[in-house]
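Chemist: sequence? don't have it. structure:
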């Protein structure tokens, strides 16, 4: 749209809004209410139907005026007055056009989007852009200090801006809230309509991770900024080791977010299947594990003896003779382990030239192994899982014909190679298929409980799709994320709890929009108590070759449809979390580091005798000699009035359960009732065996309205001085997800963790944060106007600013507005 009285000239000294344009510093001086009143005047003077918000970020100041009839909206972009980048251009107009060109793809004519180019009233321009991305910030002070003297091992460019240089942020943000995009695919795989879990949500991105990792001070500063910005949901695709909550940056910052009514959704971590490895354990955080889909990308290996080994790949080789030809097989074992792992520089060209090379998983990335084979002259690759990866099937869009096979298939393959004089094989690319595999199942890499720091709270809370997720990708990277990959795509595939986290973040935004007055605890309760414990075939969700337990899947797999209308919720007030921390024996100083308040646990516990956190699941710990415990819970009716719920129980093995009352009658909506549960040990073996635990289920069922609100998982085990994870370390908050490999391989991850501990980067980052916090002055900004929810995404990189503009179309395809290709699985969840 154009403003009244505007001319189409490409350089305009003034416009009807020029008198209202203020510098970003003026926002602090005049305050947001004064700015909003000026914007209202702008509405009356123009054809704008809605003034949305004013957004201040370090380099730009946006005054946003939207027209309800247009997909594109008018942005008045005020550039930083001290910016020196314009010196590279002949005029301010050329500079302004270059910025729009940088945001858009090459085929876009930047001048077609430019409405005004201001050169005297202010330094900036007006242009028609998309509404999806409403904010972008980056935080690097901790990184700058902690990485002094360090150099990046990655040849990819690192943007000192919110722009995404690695792809991780684009992928996760689009999963949470991307707009619908037709015919999305990865090199033809998984084609379908793509959209985020909350396609109507606004997105604000906060870049905190750099080439040397993610520093606690930067994470804390970003979360502080998101709170001030007024986001509704914080999605953190970050994780690490389990550490005490008072030393956990994310736990500390997320507590403040929860106090402000912000739902915080976090990755559980990729350290599975080790017990006690789950990260982000704070009870006020929703901790999300990863599950599989029922979609497969078949790429089987046919040996010369006729045997077929199942594998998967996203290499577009179907029907290509060059990709599916039979080749000599080579597995360079018995010598340097670098050859078995296909590390760069360890593959002799004379031995791999023109052959199909078998590479073991580990150390370097999956796609990087393929690049190493290609550089050494190899013609194809078989990626073989080890006893660490087992049957995990994370796929990649490889740079050469390649497929990944499970551990069982790898054993058969190597046996064939060792027993055959001239082993040969070919890869048969089958494309993608759905509904043929059992799903969902727990991903092997998904971190497991019990919680190391607080076993009285069940973690992870739930699981969501996190394996082979298709979502948006920036144009500076190929689909593998390797610098040598010059292919360009709008979507790619990744795996990890970094991918499962934004699925739930988007769902939380949808619930927040439907129930704007619900607390973060109520939203999490709705997701947890309605989760599925059966797969789409009606059988138990599997964890490898056995049914998944509560430490693998929490309360189960998210069910979006049921979560929107859970019937009952378990609500928790922020002060109840404080009481819970006191019940864990936290000292006054430890409590201070989390709550930033000087509190007395003695007084708090005196006022709350017999307290138990109103969590939507039970985790009961019996100390030596204890034979019974009583737990109290309260539930709030958010369904229909005049509802009656009856209890259904499956008691854990060796435990009897008594509940009073067994029937809850609600007269009205939002009424709260209380019930008590007695857990009584009846098995002498459980009393004597400190390593034993059992699980059961408790559900409140309203048959008339088909509600089933489940505090599904009851976990009972003897209290132990040590859990399976015995490391006590300060959080380095390393980014687990490595872009070039999709999923961080086990040994590579631990190498980086120990390296970070050796360099003590967290100490430097902590000092920076203390200095930064003393100087930090925030100005709260107006919340976006409208029905949509704002999702703050904190991850490895912020979303790419590049707009995907198509000529003569009103639609704008933004990496943040492009999302996972939708396929319906058993729960009805649209995922990629």
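Modeler: Received it, and whenever you're ready, just let me know what you need. Note that the coordinates shown come from a computational prediction; the quantities given were computed from them, not determined experimentally.
Chemist: any idea how many residues pack against residue 171?
Modeler: 37 (other Cβ atoms under 10 Å). Any C-beta I mention is one placed from the backbone N, CA and C, and that applies to glycine too.
Chemist: residues touching it, list them.
Modeler: The contact partners of residue 171, taken as Cβ atoms under 8 Å, 6 or more residues apart in numbering, are 469, 471, 472, 473, 492, 494, 498, 499.
Chemist: give me the mean pLDDT for stretch 412-431.
Modeler: Average pLDDT, stretch 412-431: 93.
Chemist: correction: the previous question concerned stretch 667-676.
Modeler: Stretch 667-676 comes out at a mean pLDDT of 96.
Chemist: buried residues in that stretch, which are they?
Modeler: 673, 675 (16 or more other Cβ atoms under 10 Å).
Chemist: show me the contact partners of that stretch.
Modeler: With Cβ under 8 Å, 6+ apart as the test, stretch 667-676 has contacts from 571, 630-642, 647, 659-661, 664, 666.
Chemist: what about the nearest residue to residue 284 once chain neighbours are set aside, neighbour count?
Modeler: Of all residues not flanking residue 284 in the chain, residue 258 sits nearest, at 4.4 Å (Cβ to Cβ, 6 or more residues apart in numbering). By other Cβ under 10 Å, 24 other residues sit near residue 258.
Chemist: is it true that residue 258 touches residue 523?
Modeler: No: using Cβ atoms under 8 Å, residue 258 and residue 523 do not qualify as a contacting pair, with a distance of 11.0 Å.
Chemist: circling back to that earlier point, next, the contact list for the residue nearest to residue 284, please.
Modeler: Contacts of residue 258 (Cβ under 8 Å, 6+ apart): 264, 284, 520, 521, 574, 577.
Chemist: quick check: the gap between the closest residue to the fourth one other than its chain neighbours and residue 492.
Modeler: If you skip the residues right next to it in sequence, residue 521 has residue 572 as its closest partner in space, 3.8 Å away by Cβ to Cβ, 6+ apart. For residue 572, the distance to residue 492 under the criterion Cβ to Cβ, to the nearest Å works out to 38 Å.
Chemist: who's more crowded, those two?
Modeler: The residue with more neighbours, out of residue 572 and residue 492, is residue 492; 27 against 23, by other Cβ under 10 Å.
Chemist: quick check: beta-bridge partners of the more buried one?
Modeler: Bridge pairing for residue 492 (DSSP bridges) gives the partners residue 471.
Chemist: surely it and residue 474 touch.
Modeler: No: if you go by Cβ under 8 Å, residue 492 and residue 474 don't touch, sitting 9.6 Å apart.
Chemist: quickly list what's touching both of these two.
Modeler: Common neighbours of residue 492 and residue 474 (criterion: Cβ under 8 Å, 6+ apart): residue 167.
Chemist: what's residue 338 sitting at in phi/psi?
Modeler: Main-chain dihedrals, residue 338, degrees, to the nearest 10: phi -60, psi -30.
Chemist: so where's this structure uncertain?
Modeler: 1-86, 101-109, 119-122, 128-131, 149-157, 683-691, 705-790, 795-832 (pLDDT under 70).
Chemist: pull the longest helix from it.
Modeler: The longest helix of the chain (DSSP state H) is helix 497-514.
Chemist: okay, helices next: where are they in the stretch 151-300 of the chain?
Modeler: Assigned helices in the stretch 151-300 of the chain, in chain order: 168-177, 216-229, 249-259 (criterion: DSSP state H, counting those that start in this stretch).
Chemist: what's the answer for the stretch 601-750 of the chain, then?
Modeler: So, for the stretch 601-750 of the chain - with DSSP H, counting those that start in this stretch - the helices run 601-607, 684-688, 746-759.
Chemist: show me what the first one is packed against.
Modeler: Packed against helix 601-607 by the contact rule (3 or more Cβ pairs under 8 Å, 6 or more residues apart in numbering; DSSP states H and E) you find helix 574-583.
Chemist: for the helix it packs on, give me every contacting residue.
Modeler: 245, 255, 258-259, 283-284, 590-591, 594-595, 599, 601, 604-605, 608, 611, 613-614.
Chemist: can you give me the end-to-end span of stretch 560-571?
Modeler: In stretch 560-571, first residue to last residue: 19 Å (Cα to Cα, to the nearest Å).
Chemist: would you mark the buried spots in that stretch?
Modeler: Neighbour-count burial for stretch 560-571 [16+ other Cβ under 10 Å]: 560, 562, 563, 564, 565, 566, 567, 568, 569, 570, 571.
Chemist: backbone phi and psi for the third one, please?
Modeler: Backbone torsions for residue 563, taken as degrees, to the nearest 10, come to phi -70, psi -30.
Chemist: please report how far it lies from residue 199.
Modeler: 17 Å.
Chemist: the fourth one too?
Modeler: Separation of residue 564 from residue 199 (Cβ to Cβ): 15 Å.
Chemist: where do the strands sit along the stretch 351-500 of the chain?
Modeler: When assigned using DSSP state E, counting those that start in this stretch, the strands of the stretch 351-500 of the chain occupy the ranges 356-360, 380-384, 402-405, 424-434, 462-465, 469-472, 491-494.
Chemist: and those: which comes nearest residue 696?
Modeler: Comparing the strands of the stretch 351-500 of the chain against residue 696 with Cβ to Cβ, the closest turns out to be strand 462-465 (17.6 Å).
Chemist: counting by contacts, list what that closest one packs against.
Modeler: Contacts defined by 3+ Cβ pairs under 8 Å, 6+ apart place strand 462-465 against strand 286-291, helix 497-514, helix 550-553.
Chemist: most tightly surrounded among the ones you listed?
Modeler: strand 286-291 (a mean of 32; mean count of other Cβ atoms under 10 Å).
Chemist: how far out from the middle of the chain is it?
Modeler: 9 Å (Cα atoms, centre = their mean, to the nearest Å).
Chemist: same check on stretch 333-351?
Modeler: Centroid separation for stretch 333-351 versus its chain: 35 Å, with Cα atoms, centre = their mean.
Chemist: same check on stretch 647-655?
Modeler: 34 Å.
Chemist: do the same with stretch 526-540
Modeler: 21 Å.
Chemist: list the buried residues of it.
Modeler: For stretch 526-540, burial by neighbour count (16+ other Cβ under 10 Å) applies to 526, 527, 528, 529, 530, 531, 532, 533, 535, 536, 540.
Chemist: could I get the residues you listed as a markdown table with distance to residue 366 and secondary structure?
Modeler: Converted to a markdown table, the buried residues of stretch 526-540 look like this (distance: Cβ to Cβ, whole Å; DSSP: H, G, I helix; E, B strand; the rest coil):
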| residue | distance to residue 366 | secondary structure |
| --- | --- | --- |
| 526 | 37 | helix |
| 527 | 31 | helix |
| 528 | 33 | helix |
| 529 | 37 | helix |
| 530 | 35 | coil |
| 531 | 30 | coil |
| 532 | 30 | strand |
| 533 | 31 | coil |
| 535 | 26 | coil |
| 536 | 28 | coil |
| 540 | 30 | strand |
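Chemist: reformat those residues as JSON lines; add distance to residue 378.
Modeler: JSON lines is the format used below for the buried residues of stretch 526-540 (distance: Cβ to Cβ, whole Å):
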{"residue": "526", "distance to residue 378": "51"}
{"residue": "527", "distance to residue 378": "46"}
{"residue": "528", "distance to residue 378": "48"}
{"residue": "529", "distance to residue 378": "52"}
{"residue": "530", "distance to residue 378": "49"}
{"residue": "531", "distance to residue 378": "45"}
{"residue": "532", "distance to residue 378": "43"}
{"residue": "533", "distance to residue 378": "45"}
{"residue": "535", "distance to residue 378": "38"}
{"residue": "536", "distance to residue 378": "39"}
{"residue": "540", "distance to residue 378": "42"}
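Chemist: which of the residues you listed sits closest to residue 170?
Modeler: Closest to residue 170, out of all of these and judged by Cβ to Cβ, is residue 527, at 24.9 Å.
Chemist: list the contacts for that closest one?
Modeler: Residues counted as contacts of residue 527 (Cβ under 8 Å, 6+ apart) are 286, 461, 462, 504, 507, 508, 511, 558, 563.
Chemist: what do you get for residue 791?
Modeler: Applying Cβ under 8 Å, 6+ apart, the residues contacting residue 791 are 173, 176-177, 198, 201-204, 231-235, 505-506, 509.
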